[in-house]
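K.L.:
Fold the following, please.
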Amino acid sequence: MRTASKHLNDLQWQGWPGDQIAIRGKAQWKELLGSGSECENDLTMGVVRLKHGESLEPHCHAQPETYYTLSGRGTVTIDDVAHDVDPGRMLFIPGNARHQIYNANEDDLFILYVFAVPDFSKIQYCF
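P.N.:
Now for the predicted structure:
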């Protein structure tokens, strides 16, 4: 297994195609480790950014996921239970749990996400 090193500032923000934003939300992300990392690994990791009033709409996927709030404040709802998030907050999201992120605050919300799968494209989102 090789090591990997990336800086968040060296990557471009990605988002859903324009025709899917109404269903999926305006979340943007940068993949730090996973399908594009050019190294063998067992994880996919990245950062999601939500600006004021933006959300990652309710969705689920078979794989468990972990969120760690880097900066900002917001609300993550998991199976209808709302969790306030702020810097330093970790949330574990079980596989197939319906979840959403919403930022009602002025500052951008940045959350580190981690999946125990080597390729982001293997994650099948259901909205």
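
K.L.:
mind listing the strands for the protein?
P.N.:
Ranges of strands in the chain, per DSSP state E, are 14-15, 28-33, 44-50, 55-59, 65-71, 74-78, 81-85, 90-93, 99-102, 109-115.

K.L.:
So for stretch 89-99, what gets flagged as buried?
P.N.:
The neighbour-count check on stretch 89-99 (16 or more other CB atoms under 10 Å) flags 89, 91, 93, 97, 99 as buried. (C-beta placed from N, C-alpha, C; glycine too.)

K.L.:
where's residue 127 relative to residue 59, distance?
P.N.:
Per CB to CB, to the nearest Å, residue 127 is found 5 Å from residue 59.

K.L.:
what do the two both touch?
P.N.:
Between them, residue 127 and residue 59 share these contacting residues under CB atoms under 8 Å, 6 or more residues apart in numbering: residue 24.

K.L.:
what helices or strands is the helix-or-strand element of the chain with minimal mean pLDDT leaning on?
P.N.:
Ranked by mean pLDDT, DSSP states H and E, the weakest helix or strand in the chain is strand 28-33, scoring a mean of 94. In terms of contacts (3 or more CB pairs under 8 Å, 6 or more residues apart in numbering; DSSP states H and E), strand 28-33 is packed against strand 14-15, strand 44-50.

K.L.:
and the angle from the last one to strand 65-71?
P.N.:
Compare the direction of strand 44-50 with that of strand 65-71 by axes from the mean of the first three to the mean of the last three CA atoms, to 10 degrees and you get 50 degrees.
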